[in-house]
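Enquirer: After the sequence you'll find the predicted model.
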Protein chains: 2
Amino acid sequence: MATIYDVAKHAGVSPKTVSRVMNGDGPVGDKTRAAVEEAMRALGFVRSNAARMMRAQKSGIIGLITGAISTTGLNHKQQGLPDLFIVQGIQRALETSGMTVMIADTAGRQDRVAPLIDTFLSHRVEGLIYVAEYHQEVSLPQLPEDTPLVLVNCFDTKGTPAILPDDKRGQYELVRRLIGAGHRRIGYLALRADMVAGQLRPQGYREALAEAGIPYDPALFAHTNFDLPEAGPQLLWDSIDRMLRLANPPTVICCGNDQMALMVYGILRTMGRRVPDEIGVAGFDNYRVIAETLYPPLTTVDLPYNAMGVRAGERLLSLIAGEEAQTSAPPPTQSPVCVAGPVLWRASVAEMRPTNVLHMKPNGRKTDEV
Amino acid sequence: MATIYDVAKHAGVSPKTVSRVMNGDGPVGDKTRAAVEEAMRALGFVRSNAARMMRAQKSGIIGLITGAISTTGLNHKQQGLPDLFIVQGIQRALETSGMTVMIADTAGRQDRVAPLIDTFLSHRVEGLIYVAEYHQEVSLPQLPEDTPLVLVNCFDTKGTPAILPDDKRGQYELVRRLIGAGHRRIGYLALRADMVAGQLRPQGYREALAEAGIPYDPALFAHTNFDLPEAGPQLLWDSIDRMLRLANPPTVICCGNDQMALMVYGILRTMGRRVPDEIGVAGFDNYRVIAETLYPPLTTVDLPYNAMGVRAGERLLSLIAGEEAQTSAPPPTQSPVCVAGPVLWRASVAEMRPTNVLHMKPNGRKTDEV
DNA sequence: TCCATTTATGACACCGATGTCATGATATCG
DNA sequence: CGATATCATGACATCGGTGTCATAAATGGA
């Protein structure tokens, strides 16, 4: 591969002049510039990043580690959305900064994280981003203090900057919207209680009920380990069956995520219930392949992975920029940033407005305007 | 960040000795080794890859470009499986080689490919892999001839080494299996004809029919642009409706992919048909989030993304290794490698063996043994 | 016209690791 | 015991850009 020395010789100038042409430092004469550019083209010159960064002591590389690292040993079906969207967001935020993003995948193996970090450090990355597959707590090995780190979709106990989905808020908004549509008996099939989303989303559900003055009914709520290889569907079936046999059954069922909603569709229909006429279904995640392809399309909450990625990228850039300014500032133990996504109202839930109470009022959108 | 000079000074040895400790070149005395290792630990030393690769003229980096680059302007819902699986396979194949995989995502923008390649070249990657989101033809910019390139899930007209899914074979095996299960009227809802998979999979379907002596019935076949934003479901509904109204309707419907199958489930059930009792459904891709979560689980063909990734990684390694051996060998215009995946038989298709003809025979598995 | 800038370019050192060669200290063998 | 092989280590050059400083030519203002 050609070097600037080759280019310099070919153009009859010094290497430094070639460097100037590339970087636009000092002034260069028009004829000289033309000769250099011609030489570069003729030789197919590509600058060596290694040499450049060695001198400049800046790599221009951001390290991105992604993969299904679980604090508990979960099976791999239990995954969130493709983290691709987070990665896209990160790249969007970084593409104007001139940084190159190096991505490494752990392939779900916790023991690969430390070596990957070392590899990144040996490439002198200017910052690191760790992306988890779903909202969880993690614990990463200690980094050199001059290497900024941002966590996405996860958090630790050391106060490392983190970008998280606002699970509680999203579920809250969705349930508020359901109430606004006239639903009063709202079932909730939650994810496992040991998952962060299995805790936060139900909280949002209960807050929305409380705000509307609807009492929380334990009979309408269940944690369901729906993705167990064999028993999962049966557990889900039982939970649904129990709710539907109630004297006052739910008119809509919220699912812990879209994947569960997909299974619930099949179960409800096998039971002979029509969606959404007899019972509505709502999800969470806006896992588009599912939510938009389901028939009818699924009402759900957008998990704003792209936006989270953008925020993470921006956060990291500011950390990198501020690094030298505040050398020994107090540790930036800020609270994590929560990003909320919009409710996406689709055909899987019926509007019940024209019923009883609201039907009476002339301008019937009272509860919707909370 | 500490350098080997710092380490050398701290340990009271020469830089070269530090290098020897790291690389295990020449012999090093036990006490010296201990002193050096202690110094490295004390200083938190991490070797600079830039300096190393500059000297070695080897980067140890493989460039991986991925993203939804389409030759035609498709909407982004039309995507295959998460390419993550291909990436995982590639990393699996490369992890023992000591290479670092640098991944860059194009975020679906064709114009980003060329700059990304330049970035990779400036990092002196030893090889490049291009991964497409779904089986398609691509055209990449010219690379320096000493940089090996492997295409995955796509191919070009220049004879670049490519790893492809064996769409035809997979569909053939699935249909053979359906026939073996007693089905004779097999509907096929194909992907758009301008997609590679929309051509190859139907070919496999027809070959399997032909082999079993079942005449091809055009009334049981339709290309359906099911993922059009609005009209898609309606088009699909019409196609299905037409088939089911036939005098001799299909007992099972093959779908172009799992996503289409997901939509077909909803439509069939809205029509009041039970799956699989009244009609079977089969997909293609083994898009696990869909295929395993659908109720009942979907019979489909595995698109062996992981295996394809492994093959691609191995292929690239052999190209890199052989590079110097056969400097001016004839251009390696080999035919692409096709990787076939297994048929995954799940509950969405009923076994019809104990029916009429076969029921008569004592050892009734005649057509299954093709 | 002469000195002060500005412009255009080159010489040279340097970044950090490592290959090559040299050197001194032991170990081995006839 | 001397000659040679082996071990342990260091000096130095090198990879390819780029920062620093020097130098030479062109320009400009008094």
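Expert: Looks like it came in fine.

Enquirer: Just give me the neighbour total for the residue in the stretch 101-250 of chain A that DNA strand C sits nearest to.
Expert: Of all residues in the stretch 101-250 of chain A, A:S122 sits closest to DNA strand C, at 8.2 Å by C-beta to the nearest atom of the strand. C-betas here are computed from N, CA, C, even on glycine. Using other C-beta atoms under 10 Å in any protein chain shown, A:S122 is surrounded by 15 other residues.

Enquirer: Give me the local confidence score for it.
Expert: Per-residue pLDDT puts A:S122 at 90.

Enquirer: Now do the contacts for the residue nearest to it when sequence neighbours are not counted.
Expert: In space, and not counting its chain neighbours, A:S122 is closest to B:N49: 4.5 Å by C-beta to C-beta, 6 or more residues apart in numbering or on different chains. Applying C-beta atoms under 8 Å, 6 or more residues apart in numbering or on different chains, one finds that B:N49 lies in contact with A:A50, A:S122, A:H123, A:R124, B:G60.

Enquirer: which one of those sits closest to B:A11?
Expert: A:S122 (19.8 Å; C-beta to C-beta).

Enquirer: Tell me the spacing between the residue nearest to A:S122 and A:R201.
Expert: 43 Å (C-beta to C-beta, to the nearest Å).

Enquirer: hmm, back to that, tell me who's in contact with the residue of the stretch 101-250 of chain A closest to DNA strand C.
Expert: A:S122 sits next to B:V46, B:R47, B:S48, B:N49 when contact means C-beta under 8 Å, 6+ apart.

Enquirer: State the distance from it to B:E37.
Expert: 17 Å.

Enquirer: Report the strands that pair with the top strand by length along chain A, each with its relative direction.
Expert: Using DSSP state E to define each element, chain A has its longest strand at strand A:127-137. Its sheet considered, strand A:127-137 pairs with strand A:61-67 (parallel), strand A:149-155 (parallel) by DSSP bridges.

Enquirer: is the first one anywhere near DNA strand D?
Expert: Read that as strand A:61-67. No - Strand A:61-67 lies out of reach of DNA strand D by C-beta under 7 Å from any atom of the strand, never closer than 14.8 Å.

Enquirer: Name the residues of that strand that come out as buried.
Expert: A:I61, A:I62, A:G63, A:L64, A:I65, A:T66, A:G67 (16 or more other C-beta atoms under 10 Å in any protein chain shown).

Enquirer: For the stretch 151-300 of chain A, what lies in contact range of chain B?
Expert: Residues of the stretch 151-300 of chain A lying close to chain B (C-beta under 8 Å from any C-beta of the partner chain) are A:227, A:233, A:259, A:262-263, A:265-267, A:269-270, A:274, A:287-290, A:292-296.

Enquirer: Return the subset of those residues lying in strands.
Expert: Among those, no member falls in strands (DSSP E).

Enquirer: Now go through those residues and say which are in helices.
Expert: Judged by DSSP state H, the subset of those located in helices is A:P233, A:Q259, A:L262, A:M263, A:Y265, A:G266, A:I267, A:R269, A:T270, A:R288, A:V289, A:I290.

Enquirer: Show me which pair in these is furthest apart.
Expert: The two members of these with the most space between them (C-beta to C-beta) are A:T270 and A:R288, at 24.9 Å.

Enquirer: more crowded one of the two?
Expert: Remark: of A:T270 and A:R288, A:R288 carries more neighbours, 20 against 15, as counted by other C-beta under 10 Å.

Enquirer: Against A:G232, how distant is the more buried one?
Expert: 23 Å.

Enquirer: Can you tell me the closest non-neighbouring residue to the residue of chain A found nearest DNA strand C?
Expert: Going by C-beta to the nearest atom of the strand, DNA strand C is nearest to A:P27 of chain A, at 2.8 Å. Counting by C-beta to C-beta, 6+ apart, A:R20 is the residue found nearest to A:P27 once chain neighbours are left out, at 7.9 Å.
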